[in-house]
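Q: Structural data only, the sequence is not supplied:
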């Protein structure tokens, strides 16, 4: 149980285009979803936290107009990278928390590798 | 911000025990976690410990928590080649909306 999926797993796009990444909790209701970015051989950097039905809270330095987050239901959150540029190339990982355990553990998706040409 | 630190690399021989260490700075953390990340994949939750515990054992995994020194460790007994991965510790701090603070990650290499 506590499975989180992401789609797509890999995406290659041209500079200037927008890319949407989906994060789904498959067997639990995710009241909170988190979006992380990970550069090669580095730790995860939290980009934003989203609660179902409300606006996402972005971390300092993360452009909310560039990284649009929507958490419209208890099982789906989307991250849209708008007007992507090569420097946006990265590994994007979502996680979901649903108070399924007393720990409010975060369950992670498998990640999406974005390459912007 | 919160600092969570780990040593970057660890190499062990197959069959030996591995010990991965983590230090943190915020003593108000409620839970501390260990995640495993294989190349190109997401994070897999290995185990967690509540902050009022000092040890937790789960099959080959033993977590030790020294709250006074803010030190967390993960011991993997009988390390196998399939254990080669990056291991992240993380802590959750009350009042932050279940936000996690991740360590820098330790790359474990198991030598056959």
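A: The structure has been received and is ready for your questions. In this text, all values refer to a predicted model and were calculated from it rather than measured experimentally.

Q: buried residues in stretch B:44-55?
A: Residues B:45-49, B:51 are the ones in stretch B:44-55 that count as buried (16 or more other C-beta atoms under 10 Å in any protein chain shown). To be clear about C-beta, it is placed using only N, CA and C from the backbone, and glycine gets the same treatment.

Q: Revised request: answer the last question for stretch A:76-86.
A: Buried positions in stretch A:76-86, judged by neighbour count with 16+ other C-beta under 10 Å: A:76-79, A:81, A:84.

Q: wait, which of those is closest to residue B:102?
A: The nearest member of the buried residues of stretch A:76-86 to residue B:102, counting by C-beta to C-beta, is residue A:79 at 18.5 Å.

Q: Correct me if wrong, but that closest one is in a helix.
A: No: using DSSP: H, G, I helix; E, B strand; the rest coil, the assignment for residue A:79 is strand, not a helix.

Q: which ones are touching it?
A: Applying C-beta atoms under 8 Å, 6 or more residues apart in numbering or on different chains, one finds that residue A:79 lies in contact with A:20-21, A:23, A:35, A:47, A:67-69, A:92, A:94.

Q: before we move on, which element is the nearest residue to it once chain neighbours are set aside in?
A: What sits nearest to residue A:79 in space, not counting adjacent residues and going by C-beta to C-beta, 6 or more residues apart in numbering or on different chains, is residue A:21, at 4.7 Å. Assigned by DSSP states H and E, residue A:21 belongs to strand A:19-25.

Q: hmm, who's touching that strand?
A: By C-beta under 8 Å, 6+ apart, the list of residues contacting strand A:19-25 reads A:2-8, A:11, A:13, A:33, A:35, A:74-81, A:84, A:92, A:94, A:96, A:98, A:107, A:109, A:112, A:114.

Q: Report the buried members of those residues.
A: The neighbour-count test (16+ other C-beta under 10 Å) applied to these identifies A:2, A:4, A:6, A:11, A:13, A:33, A:35, A:74-79, A:81, A:84, A:92, A:94, A:96, A:98, A:107, A:109, A:112, A:114 as buried.

Q: circling back: how about the contacts of residue A:79, which pair is most distant?
A: Taking every pair in the contacts of residue A:79 and measuring C-beta to C-beta, the maximum separation is 15.0 Å, between A:20 and A:47.

Q: Which one's more surrounded, those two?
A: In this comparison of residue A:20 against residue A:47, neighbours counted by other C-beta atoms under 10 Å in any protein chain shown, the higher total goes to residue A:47 at 23 against 14.

Q: Which phi and psi values does residue A:49 adopt?
A: Backbone dihedrals for residue A:49, given as degrees, to the nearest 10, come out at phi -120, psi 130.

Q: just residue A:40 next, same as before
A: In terms of degrees, to the nearest 10, the main-chain angles of residue A:40 are phi -50, psi 130.

Q: how about the closest residue in space to it that isn't next to it in sequence, what does it touch?
A: The shortest distance from residue A:40 to any residue other than its chain neighbours is 7.9 Å, reached at residue A:91 (C-beta to C-beta, 6+ apart). Counting by C-beta under 8 Å, 6+ apart, residue A:91 makes contact with A:37-40, A:111-114.
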